[in-house]
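Undergrad: Predicted coordinates and the sequence they were generated for:
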Amino acid sequence: MVEAGDIIIAKIQFPDTFEVKIRPALVLFKEFDNIVVAGVTSNTKMHGIPLTKKEGAVKNSVIKLNYIFTISSLLIKKKLFSLSESKRKIIYNELIKKLDFLNS
């Protein structure tokens, strides 16, 4: 099973269409059969957290923290690799910045 910080391949439905594609994603957390993930793109011009081939990505990519959604664990095809502790901390800090408005 997957854990927070894992990069996975999963069936993802895009919000602007009913099309389902197999794409990479970062597992943020899981609860029961629901997996909350952030999208990953190989379009390195997009805004997000860089993910390099050196870290385990097939291509240099970007973790898109503005694209967070929930999928069923049944949609996960496979785990690719786990992020380092330092990369997980970067992601955590960026998520806290995005959610900080809830604290005011």
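TA: Thanks, I have the structure now. This structure is a prediction, so every number in the text was calculated from the model and none was measured.

Undergrad: how close does the residue lying farthest from the centre of the chain get to Ser84?
TA: Checked against the mean C-alpha position of the chain, the extreme residue using CA atoms, centre = their mean is Ser104, at a distance of 26.6 Å. Counting by CB to CB, to the nearest Å, the gap from Ser104 to Ser84 is 32 Å. For every residue, glycine as well, the C-beta is placed using N, CA and C.

Undergrad: Also Arg23?
TA: Shown here: Arg23 relative to Ser84, a distance of 22 Å by CB to CB.

Undergrad: Would you mind telling me which of the two has more residues around it?
TA: Neighbours were counted for Arg23 and for Ser84 using other CB atoms under 10 Å; Arg23 has more, 17 against 12.

Undergrad: Tell me which helix or strand that one sits in.
TA: Using DSSP states H and E, the secondary-structure element containing Arg23 is strand 20-31.

Undergrad: helices or strands next to that strand in the packing?
TA: Strand 20-31 sits against strand 6-13, strand 34-41, strand 61-72, with contacts defined as 3 or more CB pairs under 8 Å, 6 or more residues apart in numbering; DSSP states H and E.

Undergrad: Okay, and the beta partners of Gln13?
TA: Beta-bridge pairing of Gln13 under DSSP bridges involves Val20.

Undergrad: shouldn't it be in contact with Val20?
TA: Yes. With contact taken as CB atoms under 8 Å, Gln13 and Val20 are classed as touching, separated by 4.9 Å.

Undergrad: residue contacts, Lys59?
TA: Listed by CB atoms under 8 Å, 6 or more residues apart in numbering, the contact set of Lys59 reads Ser42, Lys53.

Undergrad: Check the secondary structure at it for me.
TA: Secondary structure state of Lys59, per DSSP: H, G, I helix; E, B strand; the rest coil, is coil.

Undergrad: Relative to Lys97, how far out is it?
TA: Between Lys59 and Lys97 the computed distance is 26 Å (CB to CB).

Undergrad: tell me the angle of the strand holding Arg23 relative to strand 34-41?
TA: Computed by axes from the mean of the first three to the mean of the last three CA atoms, to 10 degrees, the angle separating strand 20-31 from strand 34-41 equals 130 degrees.
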